[in-house]
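Novice: what follows is a predicted structure for the sequence shown.
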Amino acid sequence: MFNINFQSSKNKDCEFQAFLAKENPDVIIGTETWLNSSVKTCEYFNPNYSVFRRDRLDGYGGVLVAVKDLSKLSGA
């Protein structure tokens, strides 16, 4: 499990993709995503994750929980 304060993930896509590739976390809890409905989840997460987002209307704040497909969880 990994907890991350994105503090605007919009400008950190490459860093986040590198993190996912290296750490391969099963669960990610994210705060301060700064996402809104114009940003698709697939722009940040591959299909191996189910992502539950709560975006704010003003584009700031926001949270998410991403869970890796159960068949791909470590130790499963």
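Specialist: Received the coordinates, thanks.

Novice: tell me the mean pLDDT for the host helix or strand of I29?
Specialist: According to DSSP states H and E, I29 maps onto strand 27-31. For strand 27-31, mean pLDDT is 95.

Novice: return the list of strands paired to it, each annotated with direction.
Specialist: Looking at strand 27-31 with DSSP bridges, its partner strands are strand 2-5 (parallel), strand 63-68 (antiparallel).

Novice: pull out the buried residues from stretch 21-36.
Specialist: Buried residues in stretch 21-36, defined by neighbour count with 16 or more other CB atoms under 10 Å: 25-26, 28, 30, 33-35. All C-beta atoms are positioned from the backbone trio N, CA, C, and that covers glycine.

Novice: how far does that stretch sit from its chain's centre?
Specialist: Distance, stretch centre to chain centre, for stretch 21-36: 3 Å (CA atoms, centre = their mean, to the nearest Å).

Novice: what about it, how long is it end to end?
Specialist: In stretch 21-36, first residue to last residue: 24 Å (CA to CA, to the nearest Å).

Novice: which residues touch that stretch?
Specialist: Identification of contacts with stretch 21-36 by CB atoms under 8 Å, 6 or more residues apart in numbering yields 1-10, 49, 53, 55-57, 59-68, 73-74.

Novice: now, of those, which are buried?
Specialist: Buried members of the contacts of stretch 21-36, counted by 16+ other CB under 10 Å: 4, 6, 9, 49, 53, 55, 59, 62-64, 66-68.

Novice: farthest-separated two in the residues you listed?
Specialist: G59 and K68 (27.1 Å; CB to CB).
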